[in-house]
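# the amino acid sequence is not available; the structure is as follows:
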């Protein structure tokens, strides 16, 4: 059974940091492109960051501006998102996603094979 389980969300003050984790099971994690998406209330889903198999290929959404870092540990079937300098505008549900065929498709969010259920990040003033 395929699972992507996110954790690490919560309430944080503006300027603070959070580290999100996504543990994968039920598929061969090491050959999947992985990404973090987010969706705020009333807004469209947007890609936060994506990472290739080995961790060398990495792309971020334009709004990240150097504040977030995506990484993965294939030995632990886990992808991380370190978020620093958080702003109230970062408040959203953050989702983990996996795709096997196309990094570009994963970035667009239209070819995702698996989605997690999300973890809520709430940034207060």
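Done, it's in. Computed from a prediction, not measured in an experiment: that's the story for all the values here.
# next helix or strand past the least confident helix or strand in the chain by mean pLDDT?
Between all helices and strands in the chain, the lowest mean by mean pLDDT, DSSP states H and E belongs to helix 103-108, at a mean of 93. Proceeding C-terminally, helix 103-108 gives way to strand 114-115 as the next helix or strand, assigned by DSSP states H and E.
# tell me which residue is most central in the protein.
residue 36 (1.9 Å; CA atoms, centre = their mean).
# contacts for the host helix or strand of that residue next, please.
Secondary structure assignment for residue 36, by DSSP H and E: strand 33-39. Strand 33-39 is contacted by residues 20, 22, 24, 45-53, 70, 72, 79, 81, 90, 92-100, 102-103, 106-107, 109, 112, 121 when judged by CB atoms under 8 Å, 6 or more residues apart in numbering. Where you see a C-beta, it was placed from the backbone N, CA and C, and this is true even at glycine.
# partners of that strand, with directions?
Under the criterion DSSP bridges, strand 33-39 sits next to strand 46-51 (antiparallel), strand 92-99 (antiparallel) in its sheet.
# any buried residues in that strand, and which?
Along strand 33-39, these residues count as buried under the neighbour rule (16 or more other CB atoms under 10 Å): 33, 34, 35, 36, 37, 38.
# perfect, I'm done here.
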